[in-house]
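Asker: Compute the structure for the input listed below.
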Amino acid sequence: MIRLEDDGYCFVCGGKNPVGLGLSFSASKEGVKAVFIPEKSHQGYKDIVHGGIITTVLDEAMIKAAIEAGFMPVTAEIKVRFKNALLVGDKTVVEAKIDRVDRIIEASAVLKKVSDGALIATGSAKLLKNE
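Answerer: Residues are numbered from 1 along each chain as shown. Sure thing, here's the model as predicted:
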């Protein structure tokens, strides 16, 4: 078992990380959500956000949902389906929830454009409880 602790430098949500994404998650009984506005430094091809950044945002949202449920998990498996391109500057919202808890935690997430609700990507993950 590895000791998991937050030192504020998480690439996605760490307030101390000067090169991080700076996402701030809010929790509800349905799960968690955060707003993400990608910048030029997040692109792959010109003005198109890199799929790895999108995957990272989905992964973090699912981890945050599990943390809100009282776990300190790590990702064992993640699956992402890309539905539409995300352009630099497009305001999005990521939402995640826990679908099942057993020996592993199963979670899901979606990333949508705020302007028209277009689905950018969906994700599902198997998370290991760090007990």
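Asker: Report the mean per-residue pLDDT for stretch 108-117.
Answerer: Per-residue pLDDT over stretch 108-117 has a mean of 98.
Asker: Next: stretch 2-13.
Answerer: The average pLDDT within stretch 2-13 is 88.
Asker: what does that stretch contact?
Answerer: Residues from elsewhere that reach stretch 2-13, judged by C-beta atoms under 8 Å, 6 or more residues apart in numbering: 14-17, 19-25, 34, 56-57, 60, 64, 72, 74, 130. The C-beta positions use only the backbone N, C-alpha and C, and glycine is treated the same way.
Asker: Low-confidence stretches in the protein?
Answerer: Counting by pLDDT under 70, the chain has low-confidence residues at 1, 131.
Asker: gap between the nearest residue to residue 37 once chain neighbours are set aside and residue 105?
Answerer: In this structure, residue 37 finds its nearest non-sequential neighbour in residue 91, 5.0 Å apart by C-beta to C-beta, 6 or more residues apart in numbering. Relative to residue 105, residue 91 is positioned 29 Å away (criterion: C-beta to C-beta, to the nearest Å).
Asker: Would you agree the residue nearest to residue 37 is in contact with residue 117?
Answerer: No. Using C-beta atoms under 8 Å as the test, residue 91 is too far from residue 117 to be in contact (11.7 Å).
Asker: These two: which has the busier surroundings?
Answerer: Neighbour count, other C-beta atoms under 10 Å: between residue 91 and residue 117, residue 91 has more, with 11 against 8.
Asker: which ones are touching that one?
Answerer: 35-37, 113-115.
Asker: Check residue 24 too.
Answerer: Neighbour list for residue 24: 13, 34-35 [criterion: C-beta under 8 Å, 6+ apart].
Asker: Columns secondary structure and neighbour count on top of the residues you listed, output as CSV?
Answerer: Below are the contacts of residue 24 laid out as CSV (DSSP: H, G, I helix; E, B strand; the rest coil; neighbours: other C-beta atoms under 10 Å):
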residue, secondary structure, neighbour count
13, coil, 21
34, strand, 21
35, strand, 13
